[in-house]
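Enquirer: no letters, just coordinates:
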């Protein structure tokens, strides 16, 4: 298979993997918040969110993660000189951390499928933003690739993280005022 086909498939499955990661945590949030509803609503919503989560997790997110890994490895096998570049080492470190994030989401998924709620919806909202930070870090590394630009990108990432945390706090305050 040509390099451009492999690279295209890698990017497509990165996009679907991230879509799954973004949406699965939203479903975790909704399922957790459903526990505050009346018994009837809680039962109906919990079953529905568990079903939706299961379909998303096993039908889209896991397969996309595996295919991302397969096609990404194939790209590196076609262009092994990428492994000699410092930006690629940093990118692969972020990818490993992204897989750690994925596995931690799997643990949360299993807990929620078993009706075990150890995360609040606020903590899950913060957790949901980790995928955004990974996405920004990886994209900036791939696009810029130089150390100087990488440093500016990292500073921008930290600033972005601060803005996200502030937005989450503001949103939480607004939700508390409404309730």
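Expert: Received, thanks. Remember, it's a predicted structure, so these values are computed and weren't measured experimentally.

Enquirer: tell me which residues of whichever strand or helix holds residue 106 are tucked away?
Expert: Per DSSP states H and E, residue 106 falls inside helix 86-113. For helix 86-113, the neighbour count (16 or more other Cβ atoms under 10 Å) marks 87-88, 90-92, 94-95, 98, 101-102, 105, 108-109, 112 as buried. C-beta: built from backbone N, CA, C; applies to glycine.

Enquirer: against residue 18, how distant is the residue positioned nearest the centre of the chain?
Expert: Taking Cα atoms, centre = their mean, the centroid of the chain lies closest to residue 131, which sits 3.3 Å from it. Going from residue 131 to residue 18 by Cβ to Cβ, to the nearest Å gives 6 Å.

Enquirer: where in this structure is pLDDT low?
Expert: 1, 146-150, 179 (pLDDT under 70).

Enquirer: would you map the helices across it?
Expert: Counting by DSSP state H, the chain has helices at residues 3-34, 39-56, 62-78, 86-113, 121-144, 147-178.

Enquirer: packing partners for the first one?
Expert: If contacts are counted by 3 or more Cβ pairs under 8 Å, 6 or more residues apart in numbering; DSSP states H and E, helix 3-34 sits against helix 39-56, helix 62-78, helix 86-113, helix 121-144.

Enquirer: residue 163 is nearest to which of these?
Expert: Each of these has some distance to residue 163 by Cβ to Cβ; the shortest is helix 121-144, at 10.1 Å.
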